[in-house]
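Peer 1: requesting a structural model of the entry that follows:
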Amino acid sequence: MEKSLKKNKSQDPSQLVSQSGKMIKPSGIREFFDIVYSMPDCISLGVGEPDFVTPWRISDSGIFSIKDGYTHYTSNRGVPELVRMISEYLNTKYNLDYNPENEIIVTMGVSQGLDLALRSIINPGDEIIVIEPCYVSYGANISMLNGVPVIVPTLFKDGFKIDPDRLKKAITPKTKAILMNYPSNPTGLTFPEELLKEVGQIAIKNNILVISDEIYSAITYDKPHFSIASLPEMKERTIVLNGFSKSHAMTGWRLGYAAGPKYIMDIMLKIHQYTGLCAPSISQYAAIEALQSGDQEVEKMVSEYTRRRNYISRTFNDIGLPCLTPEGAFYAFPDISGTGMSSRDFAINLINEQKVAVVPGGAFGESGINHIRCSFATSMENIKTALERIKVFLNNK
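Peer 2: Down below sits the predicted model:
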């Protein structure tokens, strides 16, 4: 029977998988995580999550919710108290005014929020402009929905800021939205208010939407975060994605939220009802505590990230790898083009020769090909040792 299946493709069940699923490339980040796990003495600068544990008061609230029996489905939109608190938080922190009754949805992380946002606007063949370098899932998520990712690169020489002229040229009659993340994973840079005003005017003039991934908004260093949705006429055409993973060290709790105009949120909620139902109840009760009492812990984490940021960016420049000073998030994105190696070769050789793991910049798009992403969400001791090894690696070339 097995032989006949191999000979007759019409009866081969492996031919039944989706073409879009087959065509998606594996994550460029996960490849290096697998190598790290096989090297116990490897120092990793590749992990994209806080090295802090969830603050104990937040964790206790999750535990107490289990003890108190809050382990059932919640409203599709989320626990009403949490949704209300998210609305207040966005208003206080970022001057964003969203109605908790119909303009906010609690999601299973920003990843689900992005999926819901894209599902709610993409018809087959629609184009979504993606600002690169960007998080690895953006292009794949668009392609899985039979949309077309249109890449607008940002460059080291421009401080990884959007070039408005380049953005305008990428817009066609099929363009539905601009997808961008700031502060950025992987560059650590963000977009200033004046530039966001230009992007907003381009979106308004061309009647396109903006999907604004602001998951790192609480982790900024020199200036407070500014959201494009707070600009005049932009709330009605912007979907803001945010969550608790990075700000409150809650990656494993899988909790985020989306905020936007009712006409989009209504569609996103319907899709959420069929595909996710609701975010985990336990995580939602923990998030209530995060918003009630977590500000001080966030400030402590950002203070420590600031110390690490200053050291890692300065040291990269000192050892001959030009590096812009991160403005947010917890990533440095040094330029390794002077070594003559591709970012992937650099990363593979570094981990094999010096047991330091970084992520090749090419994993985040072509405009990252001359860079490596280095997370400073690890101890200062690890950062110092890793940079010493990288210096040895460079001197041996």
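
Peer 1: tell me the contacts of Pro280?
Peer 2: If you count contacts by CB atoms under 8 Å, 6 or more residues apart in numbering, Pro280 has them with 108, 253-255. Yep, even glycine has a C-beta here, placed from its N, CA and C like the rest.

Peer 1: tell me the one of the residues you listed nearest Val53?
Peer 2: Nearest to Val53 among the contacts of Pro280: Trp253, at 11.7 Å, using CB to CB.

Peer 1: so how far is Leu118 from the closest one?
Peer 2: 23 Å (CB to CB, to the nearest Å).

Peer 1: hang on, the earlier thing: top of the contacts of Pro280 by neighbour count?
Peer 2: Highest neighbour count within the contacts of Pro280, by other CB atoms under 10 Å: Leu255, with 27 neighbours.

Peer 1: one step back: could I get the contacts of Pro280 as a markdown table with distance to Pro13, secondary structure and pLDDT?
Peer 2: Below are the contacts of Pro280 laid out as a markdown table (distance: CB to CB, whole Å; DSSP: H, G, I helix; E, B strand; the rest coil; pLDDT from 0 to 100):
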| residue | distance to Pro13 | secondary structure | pLDDT |
| --- | --- | --- | --- |
| Met108 | 30 | coil | 97 |
| Trp253 | 37 | helix | 96 |
| Arg254 | 32 | coil | 97 |
| Leu255 | 37 | coil | 97 |
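
Peer 1: mind putting those in JSON lines, distance to Gly361 included?
Peer 2: Formatted as JSON lines, the contacts of Pro280 follow (distance: CB to CB, whole Å):
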{"residue": "Met108", "distance to Gly361": "28"}
{"residue": "Trp253", "distance to Gly361": "29"}
{"residue": "Arg254", "distance to Gly361": "27"}
{"residue": "Leu255", "distance to Gly361": "29"}
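
Peer 1: I'd say Val83 and Tyr98 touch.
Peer 2: No: here Val83 does not reach Tyr98: they are 9.4 Å apart, not a contact under CB atoms under 8 Å.

Peer 1: which parts of stretch 246-261 are buried?
Peer 2: Of the residues in stretch 246-261, 246-251, 253-261 count as buried by neighbour count, 16 or more other CB atoms under 10 Å.

Peer 1: farthest pair in those residues?
Peer 2: Farthest apart among these - using CB to CB - are Ala249 and Pro261, which lie 31.0 Å from each other.

Peer 1: distance from the chain centre to the longest helix anywhere in the chain, please.
Peer 2: Assignment by DSSP state H gives helix 295-318 as the longest helix of the chain. Centre-to-centre, helix 295-318 and its host chain are 19 Å apart (CA atoms, centre = their mean, to the nearest Å).

Peer 1: and the next element down the chain from it?
Peer 2: strand 331-332 (DSSP states H and E).

Peer 1: and that next one, what other elements does it pack with?
Peer 2: Using 3 or more CB pairs under 8 Å, 6 or more residues apart in numbering; DSSP states H and E as the contact test, the elements touching strand 331-332 are helix 295-318, strand 372-375.

Peer 1: and these, which is most packed in?
Peer 2: Highest mean neighbour count among the helices and strands packed on strand 331-332 (mean count of other CB atoms under 10 Å): strand 372-375, with a mean of 28.

Peer 1: and it, average pLDDT?
Peer 2: The average pLDDT for strand 372-375 rounds to 97.

Peer 1: what do you get for stretch 260-267?
Peer 2: Stretch 260-267 comes out at a mean pLDDT of 98.

Peer 1: where does this structure have low pLDDT?
Peer 2: Applying pLDDT under 70 to the chain picks out residues 1-10, 26-33, 36-37.

Peer 1: please, where are all the strands along it?
Peer 2: 43-44, 104-107, 127-132, 148-153, 175-181, 209-213, 238-243, 256-259, 331-332, 356-357, 359-360, 372-375 (DSSP state E).

Peer 1: contact partners of the last one?
Peer 2: This means strand 372-375. Strand 372-375 is contacted from outside by 44-48, 185-186, 312, 316, 330-334, 336, 343, 346-347, 358-361, 363-364, 386, using CB under 8 Å, 6+ apart.

Peer 1: count of residues packed around Asn352?
Peer 2: Asn352, neighbours per other CB under 10 Å, totals 10.

Peer 1: that one and Cys42: what is the separation?
Peer 2: Taking CB to CB, one finds Asn352 at 10 Å from Cys42.

Peer 1: contacts only, for Arg307.
Peer 2: Applying CB under 8 Å, 6+ apart, the residues contacting Arg307 are Met380.
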